[in-house]
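In: What follows is a predicted protein model with its sequence.
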Number of protein chains: 8
Amino acid sequence: ARRGYPEAVYCEGKTPGQVAAIAAAVRDRPDVVTLFTRAGPEHATAVLGELPDAWHDADAALLAWPPQPPPPTGGLVVVVAAGTSDLPVAREAMQTARYLGRPTELVVDVGVAGLHRILAQLGLLRRARVVVVAAGMDGALPSVVAGLVAVPVVALPTSVGYGAAFDGLAALLAMLNACAPGVAVVNIDNGYGAGHLAAQIAAPPPAGDV
Amino acid sequence: ARRGYPEAVYCEGKTPGQVAAIAAAVRDRPDVVTLFTRAGPEHATAVLGELPDAWHDADAALLAWPPQPPPPTGGLVVVVAAGTSDLPVAREAMQTARYLGRPTELVVDVGVAGLHRILAQLGLLRRARVVVVAAGMDGALPSVVAGLVAVPVVALPTSVGYGAAFDGLAALLAMLNACAPGVAVVNIDNGYGAGHLAAQIAAPPPAGDV
Amino acid sequence: ARRGYPEAVYCEGKTPGQVAAIAAAVRDRPDVVTLFTRAGPEHATAVLGELPDAWHDADAALLAWPPQPPPPTGGLVVVVAAGTSDLPVAREAMQTARYLGRPTELVVDVGVAGLHRILAQLGLLRRARVVVVAAGMDGALPSVVAGLVAVPVVALPTSVGYGAAFDGLAALLAMLNACAPGVAVVNIDNGYGAGHLAAQIAAPPPAGDV
Amino acid sequence: ARRGYPEAVYCEGKTPGQVAAIAAAVRDRPDVVTLFTRAGPEHATAVLGELPDAWHDADAALLAWPPQPPPPTGGLVVVVAAGTSDLPVAREAMQTARYLGRPTELVVDVGVAGLHRILAQLGLLRRARVVVVAAGMDGALPSVVAGLVAVPVVALPTSVGYGAAFDGLAALLAMLNACAPGVAVVNIDNGYGAGHLAAQIAAPPPAGDV
Amino acid sequence: ARRGYPEAVYCEGKTPGQVAAIAAAVRDRPDVVTLFTRAGPEHATAVLGELPDAWHDADAALLAWPPQPPPPTGGLVVVVAAGTSDLPVAREAMQTARYLGRPTELVVDVGVAGLHRILAQLGLLRRARVVVVAAGMDGALPSVVAGLVAVPVVALPTSVGYGAAFDGLAALLAMLNACAPGVAVVNIDNGYGAGHLAAQIAAPPPAGDV
Amino acid sequence: ARRGYPEAVYCEGKTPGQVAAIAAAVRDRPDVVTLFTRAGPEHATAVLGELPDAWHDADAALLAWPPQPPPPTGGLVVVVAAGTSDLPVAREAMQTARYLGRPTELVVDVGVAGLHRILAQLGLLRRARVVVVAAGMDGALPSVVAGLVAVPVVALPTSVGYGAAFDGLAALLAMLNACAPGVAVVNIDNGYGAGHLAAQIAAPPPAGDV
Amino acid sequence: ARRGYPEAVYCEGKTPGQVAAIAAAVRDRPDVVTLFTRAGPEHATAVLGELPDAWHDADAALLAWPPQPPPPTGGLVVVVAAGTSDLPVAREAMQTARYLGRPTELVVDVGVAGLHRILAQLGLLRRARVVVVAAGMDGALPSVVAGLVAVPVVALPTSVGYGAAFDGLAALLAMLNACAPGVAVVNIDNGYGAGHLAAQIAAPPPAGDV
Amino acid sequence: ARRGYPEAVYCEGKTPGQVAAIAAAVRDRPDVVTLFTRAGPEHATAVLGELPDAWHDADAALLAWPPQPPPPTGGLVVVVAAGTSDLPVAREAMQTARYLGRPTELVVDVGVAGLHRILAQLGLLRRARVVVVAAGMDGALPSVVAGLVAVPVVALPTSVGYGAAFDGLAALLAMLNACAPGVAVVNIDNGYGAGHLAAQIAAPPPAGDV
Ligand SMILES: Nc1ncnc2c1ncn2[C@@H]1O[C@H](COP(=O)(O)O)[C@@H](O)[C@H]1O
Ligand SMILES: Nc1ncnc2c1ncn2[C@@H]1O[C@H](COP(=O)(O)O)[C@@H](O)[C@H]1O
Ligand SMILES: Nc1ncnc2c1ncn2[C@@H]1O[C@H](COP(=O)(O)O)[C@@H](O)[C@H]1O
Ligand SMILES: Nc1ncnc2c1ncn2[C@@H]1O[C@H](COP(=O)(O)O)[C@@H](O)[C@H]1O
Ligand SMILES: [Mg+2]
Ligand SMILES: [Mg+2]
Ligand SMILES: [Mg+2]
Ligand SMILES: [Mg+2]
Ligand SMILES: [Mg+2]
Ligand SMILES: [Mg+2]
Ligand SMILES: [Mg+2]
Ligand SMILES: [Mg+2]
């Protein structure tokens, strides 16, 4: 585990065979949490063949081993998904933070087209040490959330939307231009990166050795 | 006046001499409202030399002649500027709608980073037949406003913002991807176009001959 | 129904199972019109399994329930498709306006390469309260139509064309730069958005509560 | 003169001194037509210092020497400018064709927002062997003209327009996607290139040796 | 046939059924040449079911009916393909010109990486009234050919190349910036457009009524 | 002060007069820290005319009032500038964090072309609660720093570099694709945003009410 | 073999039949090394059907014939792959250099997120005459390597990464902006081009006639 | 001097005062060659004030100190400029290589529009160990040169050209897609980078310690 955090295996460019080999090697290191990200059905089968008790979130295309996350420490990570389509990426962020050892909460379907929905979550939002906001299309939600809370907001653009969304570019640009300060942007659809960053922001005071 | 609407003279690419010549020609047609858009100080001097009583809004870089707008008819056009930097473009939109004969209202500094500011205007917004929303940076305000009103929103992106605003591109893309329906997008910094469109949307029932 | 308008379910990112669940929930709310947009064959089957009498326009990838649109009120919405390839998106726009309660007309194959075709429709165009113009490739038709009518034109770029059409970007940019005023641009291939906006523009005088 | 056509000196990246040196060298070759393109006031002074009788079109930023163009041969080149702002580039195209030896005509202010203006020129357009169409903003005019004539149309995008014109990119893309066949596109604001191409298209039958 | 030229049916966005219907309608108009462009195997089957004797070039994805092209008139159209990968698009251009009534020649594998190959074709090139040059990757060949001939060059970018070719964008930009004058650019992979333009350039003197 | 943090006045789009008016209004609220960002010489003169004892960092184009920052609390914010050219933006970030109440350190000229320079700072880097990394050109430094520390890295792209830096776009994209996790990206040249975000990340445990 | 180097057959745009025909023709020229690049499984089968003893690296999608590379001469070519996902492209580069006659070494998984990994290879890197560095995502590795060695670095961007990697564009731009001098950039995923260039750089002193 | 090569001071973002301070510090280190790149007139005055005998090439915006370059060793670096506008950047490349200790030659005005010009230089080109090719517009020359020589070609795109050159982007993309192998691309207008890379490629066999 680099820098005291879990090891991540990015499956997308790998064959099931390569992923299985990594999973087999991992079996001997139960002290290190390993995350398999962007794991399609065949990747998942390959991992579960070697690590049958691995934890698997098919929606988030994520597996974790050992299956039990560390006991939660540090501040609360609240993950917010603007719409249902943003849910897979939001779940990946939430689970990543959980396996890095943070307490987490997930809120869905609170896009800016109906402000009452996000305002109804104000209590929860204000208990957070950091808020991850996943949104596609206009990417407007992080600006709104950052105006409501004093803690950092991790803005996670998703590739959801019609043509001129340009696969998440519109949301990405909007988030980089958030009109409220305190917004940290990550790559399009990069739930793992968002969750990792959030876990680091919400880490307990002695951040430990790198 | 093409289609019963004012004639517009786009000054930006023209010399003061060319603009003066047009102004002189206009003097003989007091029945037609003429707007001089994107008129810098030298353009304004040229117009006022020929039409001394022309109305001049230096902030909006706009002149109008005859100076008196038509009596207001049709629905209310509310123009909203997210921040002070969006004001020149917002004023251009508002004045254009006024000289096309609509009643207008202007609201400033209601960006989404402080939701209470736009929510405080809800009464006014709901009296509008159409709302023009000028915003730069993340271009998030039209989505929020469109979620608050049932009438069309004309989204007017401005070229305000840091590097990755790309001179209004970020706001433009965000607005094209507004997550609430009912958003009509116009070109970057095109206050004239936004005001014209809004005036057409709010036109009194018999739209008259084109 | 948010703001008094139909509820829309965007199917593209959803599984048939998710769509079926939404359709089942909708069954108990016949007072609200629900539109299922971007519904592929499997989505359609899922909806029709729950709502057998739903109205289905396969070309427009659209379903509506209850099947009967509201009685038409407000101004006429004319939808114009430049070419046959623009027809699915144009139909989506037209049906959306119809299910929002407007009278509608659809005109096809009136691209600017043969001006007589659009000029032959001048009578119909001038009866409209708003015209939706769907076009790909050069996106030139909205400029021409906006020059012919005094009412607003909703410009709907489609992703039709050879390489440098860049999936609708060329048409989108052209429409944002329309050389006639009064053009409202929406996202690429977003027939639903265009139809919704048009229905709002053509809404009967008392726009109703949002 | 390469390939039997005039020599062109592109002044934009050159100092007045460099341009003067070229002009001096040219003086000894009156048999070759030399064009100085993109010549600002200082470039013009430099050329006229060496070639006092050179022909100078300040609007087109062009000089020619010897001042007398060749006697016109070949087909008629009609140059069309959509708006007044497109005139400098259109003039550059027209003069280039004239100094390559073609008969030329220039038509201005015939944008597609008022179709009657271009339709009024149909007689002239149909006498042309080739039509050059200069337009900025939506770049729609070449599509319309190409639908009206059987001869090739040289589409010349100009950098005129609001923000999302992106300095001529919108017009360029529109022209590459012209929905009528027979459109030849050249670089943004490249009046010289358009005029040269038109002159080659309209060249008299025996095109001569290259 | 619009403007005296063949009718073109762009098959890409159409179902085989739609194409078959058009083919059936065409059967009654043997006086007009009809081209079916971008016709995949299923489109071809549909056309041949209605027009069994239609001419079919599978490589060019093109069908023509009546099968016999008009007797060749006008100047020679030489079509040049830089590499084997550019051949389908080049063939589409050549066949289009042939069915518009021009004499044609096709030359392949003459990319600029081996100059002797294009120089070996100088005799043929100099007999042309117009040269179509299809090239992907760096799009350099039109510049070289335009430097070798006095007639117009129609530059036809293809979507061939590694990542930074960006599906033909690199070649398109290179061609728009050709450093020799006399280059007419068309859309990426638009062989039909290139061939049509070339046929118009090489048309016999009395171009006929549009 | 929104959310308990300083008020920021973005001067770039404002006249000196407008800025002076804001400065005058601020004078009555010494309990709130106000930052004037992107303040050119004329803006600075305007502010200092109203608030003579305001603190001014001309390199960072920043003024603060009251001049004394709050006593430092929370974790250490280390700001790293890859090269001298990145210094103005890095200083803006550092001063912003300081006026939000954090202890800060600044390190310059530690680009990745000489790894020993950044490695020599490892002791300081590992004492940080958050590291801000300002870099232009290839934007590679945040990836390297994020690999060396366990705390979050705020990546701040600058518009420094040759042509294909595209005014900071290259650095921005590189940072969004950082190959080490834990990188939070902000807008190009947005030192204020980076410093604000860093101060929030390093805030003392009870973050206070928003 | 053009210029004394192997002949390359780029298979991607070719049918298996076309590739088989080329392979058959090659069989009679054992004096020339032929490389089949971007050869998928069907291309490989086609080649091996004609040249059964051809050397095949399926990971690199490459075949070579005759199977035995030339005896190595010239300087050492070290190929470095930042991550496992960059391996196919890196192998293509390495094998190309080997079949052009160079001694080669391959190093994997030395990304900048863990500097110790690349620093552990310093001995090998400093024995190289040229280093090829394949990297996706942030494209940071070439800058780091170029700071460690005095010889040229061939930077080979790969299309690996999340959304804002834009299929290798982010890495490409980063490499073009490398903050250490001595970096030569090639096209995205173009392992053949990188290996060819490296072999030319490391060629033995008398480079031979072209 | 990092890695045994000259130290470079990139002046563009620096004040004359900062540059003068660096020049003063350099005075004490005559053993190291220092290059001041992108030095405008004021930068040059500042350098010459401290180092009066520094060598100055105003066209290349370059100064060097000590004024005498090292005695030339290694292979010949030939620098080719397609047109006169590319000369400043080409000179920067050539002088950089010279101050890194290579023998150099410069050739101008050999663009591909007149192939005889580059073919006339074949003798010189084939004596080179590396060829630097500076070109703007279509960026076609490196492809042609790489087809003529067996040694590496350093392709140096310049920002010369009309609108769709997009400040060198067109040439950059063309060069990345060169259809002949052996092309090494550097940043737009980066003459220093090109010359440095060329000097490394042409370095004498024992490349020396880094
Ligand atoms: N912002 C704008 N958007 C669209 N059309 C405009 C705009 N400003 C001016 N125009 C139109 O441009 C034409 C003026 O062109 P000109 O003859 O160059 O002054 C008029 O027909 C105006 O209606
Ligand atoms: N490559 C092309 N470029 C321009 N126009 C084309 C092209 N291919 C087909 N067309 C035109 O598109 C129209 C066919 O449209 P459709 O009715 O959809 O078949 C005809 O008018 C053709 O002339
Ligand atoms: N990645 C590449 N970069 C540059 N040239 C290439 C590349 N791959 C193949 N080639 C060249 O393309 C030609 C093969 O083209 P083809 O005749 O279509 O197989 C050969 O001359 C190769 O040297
Ligand atoms: N064109 C260039 N390409 C790459 N590196 C450069 C260039 N010009 C200067 N440098 C490097 O930039 C650094 C100078 O940065 P500075 O300290 O800001 O003067 C030195 O390490 C140079 O080697
Ligand atoms: Mg906040
Ligand atoms: Mg609404
Ligand atoms: Mg109109
Ligand atoms: Mg025509
Ligand atoms: Mg020529
Ligand atoms: Mg880290
Ligand atoms: Mg080095
Ligand atoms: Mg070569």
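Out: It's in. Ligands and ions are numbered 1, 2, ... in the order given.
In: So for stretch A:71-79, first residue to last residue, what's the gap.
Out: 19 Å (Cα to Cα, to the nearest Å).
In: buried stuff in that stretch?
Out: Going by neighbour count (16 or more other Cβ atoms under 10 Å in any protein chain shown), the buried part of stretch A:71-79 is A:72, A:74-79. C-betas here are computed from N, CA, C, even on glycine.
In: Make a markdown table out of those residues and add pLDDT.
Out: As requested, the buried residues of stretch A:71-79 are exported to a markdown table (pLDDT from 0 to 100):
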| residue | pLDDT |
| --- | --- |
| A:Pro72 | 97 |
| A:Gly74 | 97 |
| A:Gly75 | 98 |
| A:Leu76 | 98 |
| A:Val77 | 98 |
| A:Val78 | 98 |
| A:Val79 | 98 |
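In: Could you dump the residues you listed into a markdown table and include secondary structure and distance to chain C?
Out: Formatted as a markdown table, those follow (DSSP: H, G, I helix; E, B strand; the rest coil; distance: Cβ to the nearest Cβ, whole Å):
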| residue | secondary structure | distance to chain C |
| --- | --- | --- |
| A:Pro72 | coil | 30 |
| A:Gly74 | coil | 32 |
| A:Gly75 | coil | 31 |
| A:Leu76 | coil | 28 |
| A:Val77 | strand | 25 |
| A:Val78 | strand | 23 |
| A:Val79 | strand | 18 |
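In: how about the residues you listed in JSON lines, adding distance to B:Leu100?
Out: Shown next, in JSON lines, are the buried residues of stretch A:71-79 (distance: Cβ to Cβ, whole Å):
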{"residue": "A:Pro72", "distance to B:Leu100": "60"}
{"residue": "A:Gly74", "distance to B:Leu100": "58"}
{"residue": "A:Gly75", "distance to B:Leu100": "54"}
{"residue": "A:Leu76", "distance to B:Leu100": "53"}
{"residue": "A:Val77", "distance to B:Leu100": "51"}
{"residue": "A:Val78", "distance to B:Leu100": "47"}
{"residue": "A:Val79", "distance to B:Leu100": "47"}
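In: burial measure for A:Arg27, as a count.
Out: A:Arg27 is flanked by 12 other residues according to other Cβ atoms under 10 Å in any protein chain shown.
In: Give the full set of residues in contact with it.
Out: Neighbour list for A:Arg27: A:50-51 [criterion: Cβ atoms under 8 Å, 6 or more residues apart in numbering or on different chains].
In: where does the residue of chain A most remote from its centre land in three-state SS?
Out: Centroid-distance maximum for chain A: A:Asp28 at 26.6 Å, with Cα atoms, centre = their mean. Classification of A:Asp28 using DSSP: H, G, I helix; E, B strand; the rest coil returns coil.
In: Mind checking if the helix or strand hosting A:Ala44 is in reach of chain G?
Out: Secondary structure assignment for A:Ala44, by DSSP states H and E: helix A:41-50. No - on the criterion Cβ under 8 Å from any Cβ of the partner chain, helix A:41-50 is out of touch with chain G, staying 13.8 Å away.
In: Now do the buried residues in that helix.
Out: A:43-44, A:46-48, A:50.
In: which residues touch the spatially most central residue of chain A?
Out: Geometric centre of chain A, nearest residue: A:Ala93, 0.9 Å, by Cα atoms, centre = their mean. Contact analysis of A:Ala93 by Cβ under 8 Å, 6+ apart lists A:79, A:132, A:134, A:154, A:156, A:191-192, A:194-195, A:198.
In: hmm, try it at 7 Å
Out: By Cβ atoms under 7 Å, 6 or more residues apart in numbering or on different chains, the contact set of A:Ala93 is A:79, A:132, A:134, A:156, A:191, A:194-195, A:198.
In: any chance of the residues you listed in TSV, with distance to ligand 3 and secondary structure too?
Out: Formatted as TSV, the contacts of A:Ala93 follow (distance: Cβ to the nearest ligand atom, whole Å; DSSP: H, G, I helix; E, B strand; the rest coil):
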residue	distance to ligand 3	secondary structure
A:Val79	43	strand
A:Val132	41	strand
A:Ala134	38	strand
A:Leu156	36	strand
A:Gly191	35	helix
A:Ala194	36	helix
A:Gly195	38	helix
A:Ala198	42	helix
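In: Of the residues you listed - the most surrounded one?
Out: Of all these, A:Leu156 has the most neighbours under the rule other Cβ under 10 Å, reaching 39 neighbours.
In: Surely it is in contact with A:Gly136?
Out: No - applying Cβ atoms under 7 Å as the test, A:Leu156 and A:Gly136 come out as separate, 9.7 Å apart.
In: What average pLDDT does the longest helix seen in chain A get?
Out: With secondary structure taken from DSSP state H, chain A has its longest helix at helix A:87-99. Averaged over helix A:87-99, pLDDT sits at 97.
In: Can you tell me the closest non-neighbouring residue to the residue in chain A that ligand 7 sits nearest to?
Out: Nearest to ligand 7, among the residues of chain A, is A:Ala164, at 23.8 Å (Cβ to the ion). Excluding the flanking residues, the one nearest A:Ala164 by Cβ to Cβ, 6 or more residues apart in numbering or on different chains is B:Leu176, at 4.4 Å.
In: And that neighbour, how close does it get to ligand 12?
Out: As judged by Cβ to the ion, to the nearest Å, B:Leu176 and ligand 12 stand 46 Å apart.
In: swap in A:Gln68?
Out: Going from A:Gln68 to ligand 12 by Cβ to the ion gives 60 Å.
In: What of A:Val79?
Out: From A:Val79 across to ligand 12, the span is 54 Å (Cβ to the ion).
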